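# Sequence first, then the predicted structure, then my questions.
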Amino acid sequence: MPELPEVETIKNELLPCVGATVIHVDLIDSKVVSGINVEKFCRMVEGQMVKNIERRGKYLIFLLSNSYSLAIHFRMTGSLLLGSGNIDRYSRARFRLSSGEYLTLRDPRRFGTMKLVKVIGELTGKLGPEPLDESFTPEVLERSLSRHRIPIKAALLDQNIIAGIGNMYADESLFAAHIHPLRKADLLSHEEVQSLCSSIKEILQQAISNKGASVDTYIRPGGQIGMAQFKFNVAHRYGKACRVCGTSIQRIMVRSRGTYFCPECQPSQPSIQRSLM
DNA sequence: CTTGGGACCTGGCTGC
DNA sequence: TGCAGCCAGGTCCCAA
C-alpha cells in the first residue's frame, strides 16, 4: 500500500514530467474523480503545464500552471505508471503529456481518488507534521501523543497526528522502538517517545532508499518493484522468527487493523529498569 | 471534544 | 472443479 515512502518514490521518479503539458485526459473510470464535475475536471487539467510535483502525507500533488493543484491519493492499490499508455481492466485514468508519454493511474480496488483544488491546504490542512521534517522532534511528538488515550499503533495511523504513516511502517517503527502496539499513546515514557521519533525517521528514510515496499500492487512509475519489504522485521511476517531474538512474530487486531509485532522485543509493559530511568 | 466501528471496493484466499 | 463467503486496508462518516 502506498504510504509515505512509496508516494515519495513515485514523486521522485515522476520529476522528469515537470515542465510537460497535459495534452489530454482520459477518464476511464469517472469515479476516481471526486468533488468536481468530470467534464470540468478534464477541462481544467487539459492544456496546463506541470509546474512541480510534491508530496504531503500520502498525497501526491501536481502543481498546475493555472495555479490549481491535482492531488492523487492511492489508498491501498493505486499506482501511477509513466510510459506508452497501455491500459488494462484496472486502468482508471490516463494523461497524455506533451513529452509523448502517458501517465496512467491504475487501481484494482477503486479506492484511490483524484481531486482538483485551488488551495492545497483544503486537503492537507488538517494533516499532522511530516515525520521527515526537521521540525518533527520528540517534543512535538510527545506533546501530540499526550493528548490521545488510544493505542500507540492507532495514534501512528492517525494522519492528524503524523502524516504519511500506514499499517506497515507503523508496525516497523514500533518494533524498532521496542514498543508494544497496544501501549497507550499518552503513557509512553519520555525515552520511549524519543526512541519512537528517531525510529520513525530511520524506518521511513530506509524505505525511501529502497524505493518503497512492493507488497500488494505497489509498483514504481517505470514498472519496477520496490525493495523495502525485504527489510521488514515484523510487517507481514506472522509466525516467522524475529530477526533479533528468534521469537515467533505475532499478529493481533488493533482497531480492526492487522498488527504484527514481536512479543519478546516489544513487551506489553515497560520494563522496571526503563521506567526507573 | 474523543474514541470506535462500519462502509467503501474487489482480488485472492479459504473451505465446503 | 466451482463457488460462496470473507478478508485486507486508508479514510470518511456516524454513533456513543
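Everything's here; your move.
# Alongside DNA strand B, which residues does the stretch 1-150 of chain A contribute?
A:31, A:89-90, A:108-111, A:147-150 (Cβ under 7 Å from any atom of the strand). Backbone N, C-alpha and C define where each C-beta goes, glycine included.
# The same query, at a cut-off of 10 Å, please.
Residues of the stretch 1-150 of chain A lying close to DNA strand B (Cβ under 10 Å from any atom of the strand) are A:29, A:31, A:75-77, A:89-90, A:92, A:107-111, A:147-150.
# DNA strand C next: which of those residues are close?
Answer for these near DNA strand C (Cβ under 10 Å from any atom of the strand): A:75-77, A:108-111.
# now the residues you listed: which count as buried?
A:75-77, A:108 (16 or more other Cβ atoms under 10 Å).
# can you list the domains in chain A?
As given by automatic domain parsing, the domain ranges for chain A are A:4-124, A:138-276.
# Pipe the ones you listed into a markdown table and attach distance to residue A:130 per row.
What follows is the domains of chain A, written out as a markdown table (distance: least, Cβ to Cβ, whole Å):
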| stretch | distance to residue A:130 |
| --- | --- |
| domain A:4-124 | 7 |
| domain A:138-276 | 6 |
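# right, so of those, which gets closest to residue A:131?
domain A:138-276 (5.0 Å; Cβ to Cβ).
# count of neighbours near residue A:47?
Using other Cβ atoms under 10 Å, residue A:47 has 14 other residues around it.
# Would you mind confirming that it is in contact with residue A:22?
Yes - using Cβ atoms under 8 Å, residue A:47 is in contact with residue A:22, at 7.0 Å.
# and the residue of the stretch 51-200 of chain A nearest DNA strand C?
Going by Cβ to the nearest atom of the strand, DNA strand C is nearest to residue A:166 of the stretch 51-200 of chain A, at 2.8 Å.
# Would you mind listing the residues in contact with that residue?
Contacts for residue A:166 (Cβ atoms under 8 Å, 6 or more residues apart in numbering) come out as A:1, A:3-4, A:58, A:157.
# For it, give me the pLDDT.
pLDDT recorded at residue A:166 is 91.
# for residue A:61, same thing?
94.
# neighbours around it, how many?
Neighbour count for residue A:61, taken as other Cβ under 10 Å: 22.
# which SS class is it?
What DSSP: H, G, I helix; E, B strand; the rest coil gives for residue A:61 is strand.
# Just confirm it contacts residue A:71, I think it does.
Yes - look at residue A:61 against residue A:71 with Cβ under 8 Å: they come within range, at 5.0 Å.
# Please identify every residue contacting each of the two.
Counting by Cβ under 8 Å, 6+ apart, the contacts common to residue A:61 and residue A:71 are residue A:120.
# Quick check, residue A:53 in contact with residue A:20.
No - if you go by Cβ under 8 Å, residue A:53 and residue A:20 don't touch, sitting 10.6 Å apart.
# Identify the residues contacting residue A:59.
Residue A:59 makes contact with A:7, A:71-73, A:123-124 under the criterion Cβ under 8 Å, 6+ apart.
# Please identify, among these, the one with the most neighbours.
Neighbour count (other Cβ under 10 Å) singles out residue A:7 as the most crowded of the contacts of residue A:59, with 26 neighbours.
# Of the ones next to DNA strand C among the residues of the stretch 1-150 of chain A next to DNA strand B, which is the nearest to residue A:241?
residue A:76 (28.0 Å).
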